[in-house]
Each structure stands twice: as structure tokens, then as C-alpha cells.
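**Q** Please find the sequence and the predicted model below.
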Amino acid sequence: MRCIFCRIESSGSRSVEHILPESLGNSKLVLPKGVVCDKCNNYFAKAVEKPFLEADAVRQMRFHEGLPSKKGRVPSIIGLLDPDVPVQLFRDAKDGSLSAAVPTEHFSRLAARPEGRLLMPMGGALPSGAVLSRFLAKVAAESMAARLIHDAGLLEQFIDDPQLDPLRNHARRGQPMDWSVHVRRIYSSNARTLGADGSWRQVMHESDFLVTPGQEIYFAQAIFGVEFAINIGGPDVDGYLAWLDANNQASPLYAPKNLELYEMPAKP
């Protein structure tokens, strides 16, 4: 077995690879040991996944959805006690309860108020630039490998395919530096779908590949309603924009499948 990124012999690797980080609620999209070697696995966790997870919008999303890290902690965020007292907000990973830490220099102002409103940020800047594109390139390459994992011959072809080297190199080494990603929200973060067993399920993440009429391959990944699309073969998304225009801006994730999405009721 060889690593799909660096191509070294990886049969002795001891770590499975999560295509999406566990910190985004992923427990099932996992590649077996050795598909990504331990060295690349550790590198991605520190240099590619962590910057993405620490982006304001992702950190706030993880806080509001109560998504813990591998260590079982939901990330904290900074809120305000109306109008201008900053507080650090914490969410318990087990029961979802909230707590707040107030800087000592604001104790007297807080004590002087009989009541006040707690304001929590709901937006924040989405990841951009190389932080986003390297993360998505990594997820795209691993998602392709996941489709080939049961055919050793096809997986070997995938590993040796020079046409995928730019994608691999961008994910693993940040080269080339610039790689465009198309980003848009396609449904609410609280969207849900009806499962085969009749139960409602929140759409946490979903992905698929799109082959355009120009024979370009794009990978689309939605995370809590935000769709990210990347060109597998090169650093532009012109073909994806053309496909969107020709298909009334429909998402390749669900337009062919007629996935019905509904708003989840507000959390109490």
C-alpha cells in the first residue's frame, strides 16, 4: 500500500484518516490505515485542518451546533453583554448548556447592572484563500480515493496519475499558491431531510463529483449548508460557473436527486 499524497510505502501506518475532521461531526467518512500515511495524516491535522477549523465562521458554527473536538471540547467564542461588556462563551459538549467568563476588569460594570442581554455572534468570516483551497483539495483527493478503495488496481492508477499531482501538491505543499474555490450558501444550516427510516435528520455535510460538458471534474462539498466547489484538474472554476448558469444555479449535490430540504424547528 502507498500513500495517495506522497506515494511512500504506508502499509505500516497506524492512523485512519478522517476525510472531514471529527470536529465537523464526521465519524463515518474514514479511509483505512495506510491510504494516507501517518506523516501526511499528522501534517494535514496541524497545517491544513486546524486553520480551517479556527476560522471565525467555522468556529462559531461548531459552537452553535455543539460540535466537540477530538478532545471532547466545543470551541469557545467571544460574545457581548449588551451593550459592550465582552464575555467568553462556553458550551458543554454533553448537555449543550452555556456558561460565560467575564474579564475581571469588567466585574464592577457587570455588578452595577440589574439585567442585560447576552449577544452571541452568528456570522464571522468564512475561510478563504489557501486556508480554504488546501483544505478542500485534501478532502477532494481523499473522497476520490474513498470511491476507489475497493479496487486496488484503480487506486494504484489514481496514486500514479500525474494529472492529479497539482491537486495533491496544493493540498500537501501549498503549491501552486492560488487555487480558486466557489463558495455559496445553498440551504440553511438547520436544513433537514427525511431518512429512509422515517426520522428527520439534520444535513451536516454531503459531497459529490460533477463532470461538466467540457469534461472537467469538480468536487462539491456542503458543510451545514455552505457549498464549496473546487476543480480537480486546475486552479480555476470557470467551468463550474458556466455549469451553474446553464442549470439555473442548481447545486450538483441535490439537483439531480431532488433532495427535499426543510427547516428544522428553532432550538429551545
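**A** Ah, there it is.
**Q** How about the backbone phi and psi for the closest residue to Ala222 other than its chain neighbours?
**A** Nearest non-adjacent residue to Ala222, counting by Cβ to Cβ, 6 or more residues apart in numbering: Glu206, 5.2 Å away. For every residue, glycine as well, the C-beta is placed using N, CA and C. Main-chain torsions, Glu206, degrees, to the nearest 10: phi -160, psi 160.
**Q** Local confidence estimate at Glu206?
**A** In the predicted model, Glu206 carries a pLDDT score of 93.
**Q** and what of the one 3 residues further on?
**A** At Phe209 the predicted local distance difference test score is 93.
**Q** Look at it and tell me its secondary structure.
**A** strand (DSSP: H, G, I helix; E, B strand; the rest coil).
**Q** What is the burial count for Trp254?
**A** Heads up, residue 254 is Tyr, not Trp. 20 (other Cβ atoms under 10 Å).
**Q** follow-up on the earlier one: what's the distance between the residue nearest to Ala222 and Val30?
**A** 16 Å (Cβ to Cβ, to the nearest Å).
**Q** How about Val87?
**A** Counting by Cβ to Cβ - Val87 and Val30 are separated by 37 Å.
**Q** So these two - more neighbours on which side?
**A** The neighbour comparison of Val87 against Val30 (other Cβ under 10 Å) goes to Val87, with 21 against 16.
**Q** can you pull up the bridge partners for the closest residue to that one other than its chain neighbours?
**A** The shortest distance from Val87 to any non-neighbouring residue, by Cβ to Cβ, 6+ apart, is to Ala100 (4.4 Å). Residues in a beta bridge with Ala100, per DSSP bridges, are Leu89.
**Q** can you give me the mean pLDDT across the lengthiest helix in the chain?
**A** Longest helix of the chain, by residue count under DSSP state H: helix 129-148. The pLDDT scores in helix 129-148 average 97.
**Q** centre of the chain versus that helix, how much separation?
**A** Distance of helix 129-148 from the chain centroid (Cα atoms, centre = their mean, to the nearest Å) equals 10 Å.
**Q** Val16 contacts Ser27, correct?
**A** No. Val16 is beyond contact range of Ser27, at 11.0 Å (criterion: Cβ atoms under 8 Å).
**Q** burial measure for Pro213, as a count.
**A** Based on other Cβ under 10 Å, the number of other residues close to Pro213 is 9.
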